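K.L.:
next one to model:
(one chain, ligands or ions: 1)
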Amino acid sequence: MSADLKDMIARAAAVRENAHAPYSGFHVGACIRAASGRLYAGCNVENAAYPQGQCAEASAIGAMVSGGDGKIAEIVVMGEGERLCTPCGGCRQRLSEFAGPETPVHICDPEGLRQTIPLGELLPYSFGADNLEN
Ligand code: THU
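P.N.:
Residues are numbered from 1 along each chain as shown. You can find the predicted model right below:
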């Protein structure tokens, strides 16, 4: 495993501790490595008005864009439980705005890396900026 990936997993685990998830009890941390090499972390932030909650991936993307980066080289998503914590459908779309089909999505749990899946496998036939060019 690369040193970058080790760092990203540690950052995702740390930020996951800050998750605000009093409604689901499901804590998620994410860490993006931007093309610049900088790391951006985010956790899920739930809300009493349920639909206003935000996923960890969305928080990490917000931190990345706020930090002046715009290209995702790879991302770690850390959840918990027996099933893989793959990004939800909305977050697959959010990631595709800043990543390509080959971009590795590393699915982790607190024990470490479970599986790496390219974004294109998670979101085939994606809709993107190219679709708007007519
Ligand atoms: N959640 C994420 O933050 N990322 C995922 O990839 C899956 C789900 C959050 C949303 C919500 O706060 C909680 O997990 C339960 O769905």
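K.L.:
tell me the contacts of residue 112?
P.N.:
The neighbours of residue 112, taking CB atoms under 8 Å, 6 or more residues apart in numbering as the test, are residue 9. From N, CA and C alone the C-beta is placed, and that goes for glycine too.
K.L.:
let me know the pLDDT of it.
P.N.:
Among the per-residue scores, residue 112 holds a pLDDT of 96.
K.L.:
give me phi/psi at it?
P.N.:
Phi and psi for residue 112, reported as degrees, to the nearest 10, are phi 140, psi -160.
K.L.:
repeat for residue 107
P.N.:
In terms of degrees, to the nearest 10, the main-chain angles of residue 107 are phi -90, psi 120.
K.L.:
that one against residue 81, yeah?
P.N.:
No - in this structure, residue 107 is not within contact of residue 81 by CB atoms under 8 Å, at 11.5 Å.
K.L.:
more neighbours, the two?
P.N.:
Shown here are residue 107 and residue 81; by other CB atoms under 10 Å, residue 107 has more neighbours (20 against 8).
K.L.:
for that one, give me its contacts.
P.N.:
Contacts for residue 107 (CB under 8 Å, 6+ apart) come out as 77, 79, 84, 85, 86, 113, 114, 115, 116, 117.
K.L.:
so the third one: helix, strand or coil?
P.N.:
If I follow you right, that is residue 84. Per DSSP: H, G, I helix; E, B strand; the rest coil, the local secondary structure of residue 84 is coil.
K.L.:
contacts only, for the residue nearest the centre of the chain.
P.N.:
Centroid-nearest residue in the chain: residue 57, 3.4 Å away (criterion: CA atoms, centre = their mean). By CB under 8 Å, 6+ apart, residue 57 lies in contact with 30, 42, 75, 77, 87, 91, 94, 95.
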